[in-house]
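Trainee: Return a 3D structure for these sequence lines:
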Amino acid sequence: MNLFGGIVYRDPDYAAEPALLRSLLPGANGSGQARRIDLSGGMLASAGTGVVSEHWGEGALVADLDLTNLEDLPGVADGVATARCLQRLHAQYGTDFVTRLRGAFAIALWAPAQRRLVLAADRFGFRRMYYAMTDAGVAFGNRVTSPLALPGCSPALDPDAIYAYLNFGTVPAPQSIYRAVRRLAPGQALVWEDGRTSLHRYWDVTYSERSLGQLAAARAVYGQSAEAVRQTLTGLDTKQTGAFLSGGTDSSVVVGLMSRLTDERVQAFSIGFQEAQYNELEYAELAARHFDAAHYTRIVTADEALQCLPDIVSAYDEPFGNNSALPAYLCARHAREAGVRMLLAGDGGDEIFGGNERYRRESILARYHLIPRALRLGLIEPVVRRFPAEAPGLPGKARRYVERASLPNPDRFYSSEFFVSQSRQWLLHPDFQAVTTPDWSLRVARGHYEAARCTGELNRLLHVDLKITLADNDLFKVARTAEAAGLGVRFPLLDHPLVEFMATLPAWHKVRGGEKRYIFKQAFRQLLPREILAKVKHGFGLPTSDWLKRHPGFRELGRDTLLSRRSLERGYFAPGAVEELFRLHEADHTPFYGDRLWTLLMLELWHERHGGAR
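Mentor: Numbering: from 1, shown residues only. Below is the predicted model:
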């Protein structure tokens, strides 16, 4: 476990107490010898082999780094320590020194002469940086509780953050679960200079959508992707490097390109389940054979998943409801047991190539706006809205289609999601409703949608997913489960030059006529097996809904936890609402209500493991 944190007081003569080290580095036991750097009116602290920490006359630095271009930085090849190299870059380029870095990082740099603290997070959210400020000063760290060490920093929870979690399954930046603690967004830096604070966005995706022919685009996509994988492999021992292999297109491309770029046989790791509808091992095995990869597979039982659930809860210091964290953790642990130290993951492909099913649905809904506005408003909508939304057959479908298609984006994009928000009146306790903003989750999505540097509708939605689905959710999932399993993870499809290149392509290269990943399929049709290019997306699914209904251990855990007096008295849910969810789950043949219950369960387990603050 790599941990770092720090505190800087407004009063330069205020000395940090030795006991502060434990607060800044929660869970540091077993992570190696904790290190501290005493500042004039503050402290930096770190633990773990992956954290860089150094103090010199002109300042100090602490950082969690996994850079893929470290050897290219000035001075490193000549033996200059990484921390001093970063300090020199800062002296030369100021806050924008981080634009010279490639890969994962969260950095804190202290310049005592100016009493200047710089905090920076990488472009995509591979690493996290939390911070808090009070009249006493500023505190920060890569764990959400580290800033609570600051005097006057309250540990009160943020109701809107909990509400956002219940809808997204994660807490989106810049919020944290604690009202007083904030998180740097990807590509953002903070400067605290003698009490004055400024936030600076040093990088974001710009969707220029230049014209490029299909053949040239496909060749460029292949070349840029291969270069991204090559760059990601920089500095790694290929004998101790492997890859997640779900059987989907993205992980298969990563394994395929690795097989062409390395002299070693690629080690690929896959998880399967006894429940056939959740098992993709057939496709993973097909890809492994196609690329002659050494394929390590494991069938996970409900008993094994239940046994490792405490590890998952411990890995996340904020509530996290993505149930695919379980297979991701078990897959990473399987790789670690096989001697692997680093895994490459295929995350990011959906958001840059256009692979999410929601993008295809959006293209269908968007066609409604091709109908002349006068016809839509004067004839179609008045007629269709007379049909009951629950009506069977075509009338009900027409009503639902028109209602969704009439919404502006991103509201339309999320119209089939946010169950808690849509069920707010009967599901949530009146007192909790009173302290939460009804459309808060949509406000988060709207902020990213409006901030997107593009004109095309699809690229705006890709941007929203890049920030929420990826940075707030999927990367947090994979990075923390890999860390819990004792290894590192890199994401070649999020090498920023590749992402920047894909942003220059027009939307029709991504979704065309309802076909997802259009140019991606053209680029990799010679690399991937036909069956994988044609398969329906599945990913790392998990039968948690079935387990909560049928497996004795999961069933007991879900009911005992969510129907306990302690859980019900937290005041989130209306009397009888959780019991109603269990009744709906029992009667439903889909995983819908089971997935909702899983989100609630992980919130309550977070409370039990990380503290019962209200």
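
Trainee: so which strand or helix has the residue lying closest to A149 once chain neighbours are set aside?
Mentor: Nearest residue to A149 in three dimensions, chain neighbours excluded: S23, at 3.7 Å (Cβ to Cβ, 6 or more residues apart in numbering). For the C-beta atoms, the positions are set from N, CA and C on the backbone; glycine is no exception. Applying DSSP states H and E as the criterion places S23 in helix 20-24.

Trainee: on contacts alone, who are the packing partners of that helix?
Mentor: Helix 20-24 sits against strand 3-9, strand 42-47, with contacts defined as 3 or more Cβ pairs under 8 Å, 6 or more residues apart in numbering; DSSP states H and E.

Trainee: So for Q422, which of those strands sits nearest?
Mentor: Closest of these to Q422 is strand 3-9, at 38.7 Å (criterion: Cβ to Cβ).

Trainee: The closest one pairs with which strands, parallel or anti?
Mentor: Strand 3-9 pairs in its sheet with strand 42-47 (antiparallel), strand 137-141 (antiparallel), by DSSP bridges.

Trainee: which residues are in contact with that strand?
Mentor: Outside strand 3-9, the residues within contact range by Cβ atoms under 8 Å, 6 or more residues apart in numbering are 16, 20, 24-28, 31, 39, 41-48, 51, 53, 62-64, 106, 108, 110, 115, 117, 136-143, 146-147, 149-150, 192.

Trainee: Mean pLDDT, mean neighbour count and distance to R517 added to the helices and strands packed on helix 20-24, as JSON lines?
Mentor: Below are these laid out as JSON lines (pLDDT from 0 to 100; neighbours: other Cβ atoms under 10 Å; distance: least, Cβ to Cβ, whole Å):
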{"stretch": "strand 3-9", "mean pLDDT": "95", "mean neighbour count": "27", "distance to R517": "38"}
{"stretch": "strand 42-47", "mean pLDDT": "93", "mean neighbour count": "26", "distance to R517": "41"}
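
Trainee: before we move on, back to that, distance to R333 added to the strands paired with strand 3-9, as CSV?
Mentor: As requested, the strands paired with strand 3-9 are exported to CSV (distance: least, Cβ to Cβ, whole Å):
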stretch, distance to R333
strand 42-47, 22
strand 137-141, 26
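
Trainee: thought T599 was touching A164?
Mentor: No: if you go by Cβ atoms under 8 Å, T599 and A164 don't touch, sitting 11.7 Å apart.

Trainee: Could you check which of those two is surrounded by more residues?
Mentor: For T599 versus A164, neighbours defined as other Cβ atoms under 10 Å are more numerous around A164 (27 against 21).

Trainee: What separation do you get for R10 and S23?
Mentor: R10 sits 19 Å away from S23 when distances are taken as Cβ to Cβ, to the nearest Å.

Trainee: which stretches of the stretch 201-350 of the chain form strands?
Mentor: Remark: strands assigned in the stretch 201-350 of the chain by DSSP state E, counting those that start in this stretch are 241-244, 267-273, 294-300, 342-344.

Trainee: Quickly compare those strands and say which is most buried.
Mentor: Highest mean neighbour count of the strands of the stretch 201-350 of the chain: strand 241-244, a mean of 27 (counted as mean count of other Cβ atoms under 10 Å).
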